[in-house]
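J.: Here's a sequence, model it:
(3 chains)
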Amino acid sequence: MKPKLTFALTALVLTLAIGVTAAFAGTTRSSADPGVTSTSILLGTTSPLSGVASAYASVARGADAYFKYVNARGGVNGRKISDTIVDDQYNPQQTVLATRKLVEQDGVFAMFNTLGTEQNLAIRDYLNANKVPQLFAASGATAFGSESAKYPYTIGLQPSYQAEGWVLGKYLARTQGSAKVAVLFQNDDYGKDLLNGLKKGMQRSKARVVAAEPFEATAPDVQSQMAKLRSSGASTLAIFATPKHAIQAYVFANRLNWKPKLTLTNAVASASNIMLLASEGGKNKVVEGSVSIVFLKDPTDPKWKNDAAMKLYRSIMKRYAASANVDDVYHVYGMAAAWTAVEALRKAGKNLTRSGLVKVTSSMNFSGNPFLLPGIGLKTGPGDHFPIEQMVLQRWHKGSWKSFGGIWGYRTA
Amino acid sequence: MSRARWLAPVVAFVALAFLVAVLPSFISTFRAQQLAYVAIYLIALIGLNVLTGYTGQISLGHGAFMAIGGYTTAILIADHGVKDIWTIPIAGILTGVVGFLFGIPALRLSGLYLALATFAIAVSMPAVIKRFEGFTGGGSGINLFGLPDLTASLTPVTVLGRELTFNDWLYYLCWTIALVGYVVAWLLLRGRTGRAFRAVRDSETAAQSSGVSLPKYKTLAFGVSAAYAGVAGSLFAIATTFVNPDTFPIALSILLLVGVVVGGLGSLVGLIAGAVFIQFLPIWSQEVSKSPGAPAIVSGVVLIALMFVLPMGFAGLLARVRTLTKR
Amino acid sequence: MADFMQQVVVGLSSGSIYASLALALVLIHRATGVINFAQGEMATLSTYIAWTLTTNHGWSYWPAFAFTLIASFVGGVAIHQGVIRPNEKGSVLRVVIVTIGLLLAINGLVTLIWSGEVRAVPSPFPTRTIEIGGVAISIQDIGTIGVVLATVVVLWLMFQYTKVGLAMRAAAVNPAEARLVGVRVTWMLSLGWGLAAVLGAISGMLAAPSVFLDPNLMAALLIYAFAAAVLGGIDSPIGAVVGGLVLGVGLNLLGTYVDFVGADLRLPGALLVILVVLLVKPSGIFGKTEVKRV
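T.: Coordinates of the predicted model:
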């Protein structure tokens, strides 16, 4: 036989062999509640490790680092936590397939910290029908808290986007009573939720939204939208976008010679590293004075330089995620989520079951999460399925965020 | 054809069908679900092969046809209470008609321009789906899970007196349709139509001067391949229990083209290998390494290597084996 | 009126970026007959190289720029010689699949080495803005358009008046006969890949200061660049530029003034226009109609 053909056939046979072996490698579990042994708990996470939203991968990474830290200290009730993170490339269809694999093949105890609104919505029915906890979904969509009667196994964590928009709207109404607002928002549930919240917060004042420009997450640039917003004559700009487009919004506002009196941005897009990029080495003055909300301790806020929790954060990052960017606040979020998960698992007891965990998370009252701002609690109860509903305003001043004012609370109706 | 010549393919096909029938007893239901997706891709690849392998028209837009099929099924189930199985032929016919209609202006475009035109349609499809929100559920998509017309989300199904889990039911549904589709395509391509298709691919001018009607066969090819893609999309929606604009992205269209080339253009046999390839490559590459970006590198390198080692795809490999064993 | 002009100016700005990548696509098609799906990713890789040099190694802009162009050229030639050439004899689709494989591999490589974090890339032009009649025009945009036009002129001069350019054209149009007159066809094709890579690098360096660098820098732009190239004529550099600018302005005006289009239908709207153009004049605005040989 010709050598090339032999090679090709061998390659084919090898490939098939590997494929078939891998096929039979998946074992089925038959325990009462999968994912729990006397020494371990298996969690599953889907995260955009690659693709357009890979900036959010830090959420999963931070949580994973925290679990490793907890495991080094003996774990939870004698069990070590293992979190399998699968890349879904921010595509809900892949989230569905990855989740099914984690539940049916890997036999995870619960899905944890899965990222994205559409992504979590795509798996919600499946998980609830299979009675698998959808624990602390990383999305602020109001649906994850407001529909808990229909989906008892699902719970979010961060303040809802609507709450966020509302706080910003209320702040605007109080300080700029009759402002005209131009809004740049991402054309999906995320952006629309924020916009609706903003409008609600502004309701009882003379401030109004005079222009709202949507953009697609896949748009290469938002220049045209910024030009249209500028021409509306608004004095306030609200940016409800994801990191890359938020940076662009600032840059293009500057290029268009537009310095709004006040700029509001949503929490996700206002991590310090993003703001620093937007400030274009100090040349971009539009960023100065931007207001956003925060519920986590930002690693670059000088206020927390000597804070014990932030020191812990840095040491965990150094030990378990050394190559990652320590200034990325998404890591802090991940750790906050992991801390909450550990508390919930601890409270669920030695006899760990899925329904037991859900019971704990449905009536939580945890204080002392070191990664959240002091005074912000984790509380749920009958009729309240939103763990975090408090936040603090912060202003970008001379290269870093500085929180001001007291704690704002919001009861999602 | 002499008796001996068609005996071999028929025997091979029967063996395949038998293997498909008994396999679920030996594998986990999760693996059965993965193989169901292989069948779905196979159906789409059979269709694409008719278009690209047999008439030489390159389409980078078959993901869009799958989207039409998928959304047809989703809308019929969610808004009109049609049982999921009956939506499959409807989706297939509807998409086939759309494909046929698209084939008409496509007659004016050739080679590269046709590829780019289909690419443009595939890229636009998610945005167009989003725009007609009232109809398609917009960005949030349509959720089918738990709807009564979806045969089995969780509860086992009873078929011919046997109880099947959702995954197994899905497996049998997809493979039955795939095998039937395979036979239909084989019959179609064996006869006059197949010869006409190949004539178009090899030389349009020669075909025309031999009396082969270019418009008729080129648009027919589009229609047939779109119908297959529509059926595949419909099954995709049933399998995933959920559709949204990102379910059928441009990457899917590109993946289908990869599958048809890796499987082997102009031949039905290698397509099963092509379907297995495109279903499992992302999974295998994640097994190699989970570091961000590494699976993509593995997939890319494997693709390039395959073009070196198997330039005619798996079908080419099988053909060479066949000629060797004949000696 | 000022708003309208502003949208036009902004459209020219975006459009010049589309044009710059379209030029790379056009060059590679004209020189080698291939559609290179990996063109964008190669440009992204080049831009990351420039970023690493200026940020991590403290190089100043112009030396980094020059090094990046040279590295891109070498890379383009290497890719052609190593990966494309062996597949050229087969069907067109084989090469297409190989470029798709390259797209995946390079995108993965970039993500692996530099992660998905957004980065800032310095601009060779000042980022000041001048205002004329209420319309803000950024110096950077003027610079970008200038570079794109200069590139087209250089390409045109090369193809029309130099021996190398003539050889490249011959190698692309009729390789067999070109070989007979002594043209080293394979090297001409490699040259085409190298030059296209350089154009891609320039495109990335022009785009990144405004839209910022991450692994998906070019992914979003690629489809617009294709659209621009098709609109202008896939073999015409001038067409690529005109196509890009027309596309940029057209998209903005469509999105701004036609309510039905809004945000989500910008690109589909533009693609529809292009489809119509293709049906009416299949070879684009500046393209030459293909004559089929029997």
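J.: Got phi/psi on A:Leu43?
T.: Backbone geometry at A:Leu43, expressed as degrees, to the nearest 10, gives phi -110, psi 160.
J.: lowest confidence element among the helices and strands of chain C?
T.: helix C:266-280 (a mean of 77; mean pLDDT, DSSP states H and E).
J.: which parts of that one are buried?
T.: C:Arg266, C:Leu267, C:Pro268, C:Gly269, C:Ala270, C:Leu271, C:Val273, C:Ile274, C:Leu275, C:Val277, C:Leu278 (16 or more other Cβ atoms under 10 Å in any protein chain shown). (Each C-beta comes from the backbone N, C-alpha and C, glycine too.)
J.: these two touch, right, the last one and B:Ala115?
T.: No. In terms of Cβ atoms under 8 Å, C:Leu278 does not count as a neighbour of B:Ala115; the distance is 11.5 Å.
J.: can you pull out the helices in chain B?
T.: Along chain B, counting by DSSP state H, helices occupy B:3-22, B:29-48, B:62-80, B:84-106, B:111-131, B:133-136, B:166-190, B:192-202, B:204-209, B:214-240, B:250-263, B:271-288, B:294-309, B:313-326.
J.: could you redo those as a markdown table and give each row mean neighbour count, distance to chain C and mean pLDDT?
T.: Formatted as a markdown table, the helices of chain B follow (neighbours: other Cβ atoms under 10 Å in any protein chain shown; distance: least, Cβ to the nearest Cβ, whole Å; pLDDT from 0 to 100):
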| stretch | mean neighbour count | distance to chain C | mean pLDDT |
| --- | --- | --- | --- |
| helix B:3-22 | 11 | 25 | 77 |
| helix B:29-48 | 26 | 11 | 92 |
| helix B:62-80 | 26 | 11 | 93 |
| helix B:84-106 | 20 | 6 | 92 |
| helix B:111-131 | 23 | 4 | 84 |
| helix B:133-136 | 13 | 10 | 81 |
| helix B:166-190 | 20 | 19 | 89 |
| helix B:192-202 | 18 | 11 | 81 |
| helix B:204-209 | 14 | 5 | 78 |
| helix B:214-240 | 26 | 12 | 92 |
| helix B:250-263 | 26 | 5 | 90 |
| helix B:271-288 | 21 | 9 | 88 |
| helix B:294-309 | 21 | 3 | 91 |
| helix B:313-326 | 16 | 9 | 78 |
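J.: Tell me how many other residues crowd the closest residue in space to C:Phe286 that isn't next to it in sequence.
T.: Of all residues not flanking C:Phe286 in the chain, C:Gly239 sits nearest, at 3.5 Å (Cβ to Cβ, 6 or more residues apart in numbering or on different chains). By other Cβ atoms under 10 Å in any protein chain shown, the residues close to C:Gly239 number 26.
J.: who touches residue 85 in this structure?
T.: Here I'm looking at chain A. By Cβ atoms under 8 Å, 6 or more residues apart in numbering or on different chains, the residues touching A:Ile85 are A:Thr45, A:Thr46, A:Ser47, A:Leu49, A:Ala60, A:Asp64, B:Lys290.
J.: Can you look at chain B instead?
T.: Applying Cβ under 8 Å, 6+ apart, the residues near B:Ile85 are B:Thr151, B:Leu173.
J.: So A:Val210, which state does it fall into?
T.: At A:Val210 the chain is in strand, as set by DSSP: H, G, I helix; E, B strand; the rest coil.
J.: what bridges to the closest residue in space to it that isn't next to it in sequence?
T.: Take A:Val210 and drop its neighbours on the chain: the residue closest to it by Cβ to Cβ, 6+ apart is A:Lys180, 4.5 Å away. Beta bridges link A:Lys180 to A:Arg208, judged by DSSP bridges.
J.: A:Lys180 and chain B: what is the separation?
T.: Distance, A:Lys180 to chain B, by Cβ to the nearest Cβ, to the nearest Å: 28 Å.
J.: With A:Ala308 instead?
T.: A:Ala308 is 31 Å from chain B, by Cβ to the nearest Cβ.
J.: Now do that residue: how many residues are near it, please.
T.: A:Ala308, neighbours per other Cβ under 10 Å, totals 9.
J.: Now restrict the contacts of A:Ile85 to buried residues only.
T.: By 16+ other Cβ under 10 Å, the contacts of A:Ile85 give A:Thr45, A:Thr46, A:Ser47, A:Leu49, A:Ala60, A:Asp64 as buried.
J.: ok but the fifth one is inside a helix, no?
T.: Yes. Going by three-state DSSP, the assignment for A:Ala60 places it inside a helix.
J.: Confirm A:Gln394 sits in a strand?
T.: Yes. Assigned with three-state DSSP, A:Gln394 falls within a strand.
J.: Run a quick neighbour tally on it.
T.: 22.
J.: What's opposite it in the beta bridge?
T.: Under the criterion used here (DSSP bridges), A:Gln394 is bridged to A:Ser292, A:Ser403.
J.: how much space is there between it and B:Thr158?
T.: Using Cβ to Cβ, to the nearest Å, A:Gln394 is found at 59 Å from B:Thr158.
J.: And the residue of the stretch 51-200 of chain A found nearest chain C, how far from chain B?
T.: Ranked by Cβ to the nearest Cβ, the top residue of the stretch 51-200 of chain A for proximity to chain C is A:Ser54, at 2.8 Å. When Cβ to the nearest Cβ is the yardstick, A:Ser54 and chain B sit 6 Å from each other.
J.: now A:Ser355
T.: 17 Å.
J.: Which of the helices or strands spans that residue?
T.: Assessed by DSSP states H and E, A:Ser355 sits inside helix A:354-362.
J.: so how far is that helix off the chain centroid?
T.: 22 Å (Cα atoms, centre = their mean, to the nearest Å).
J.: Skip the chain neighbours and tell me the closest residue to the residue nearest the centre of chain B.
T.: Nearest to the mean C-alpha position of chain B, by Cα atoms, centre = their mean, lies B:Ala44 at 1.0 Å. Residue nearest to B:Ala44 in three dimensions, not counting chain neighbours: B:Ala232, with 3.8 Å by Cβ to Cβ, 6+ apart.
J.: do A:Leu195 as well
T.: A:Phe185 (5.1 Å).
J.: Check whether the one you found sits in a helix, strand or coil.
T.: A:Phe185 ends up strand, using three-state DSSP.
J.: Quick check: bridge partners of it?
T.: Counting by DSSP bridges, the residues bridging with A:Phe185 are A:Pro214, A:Phe240.
J.: can you give me the helices in chain C?
T.: Going by DSSP H, chain C shows helices at C:2-32, C:39-55, C:61-79, C:92-114, C:139-161, C:163-173, C:175-180, C:185-211, C:217-232, C:237-257, C:266-280.
J.: and those helices, which is most packed in?
T.: Ranked by mean neighbour count, these are led by helix C:217-232 with a mean of 27 (mean count of other Cβ atoms under 10 Å in any protein chain shown).
J.: For the residue of the stretch 101-250 of chain C found nearest chain A, grab phi and psi.
T.: Here the stretch 101-250 of chain C gets closest to chain A at one residue, C:Gly116, 2.8 Å apart by Cβ to the nearest Cβ. Here is the backbone geometry of C:Gly116 (degrees, to the nearest 10): phi -90, psi 0.
J.: surely it meets A:Ser47?
T.: No. With contact defined as Cβ under 8 Å, C:Gly116 does not reach A:Ser47; the gap is 11.2 Å.
J.: tell me, what's touching the two both at once?
T.: Common neighbours of C:Gly116 and A:Ser47 (Cβ under 8 Å, 6+ apart) are A:Ala57.
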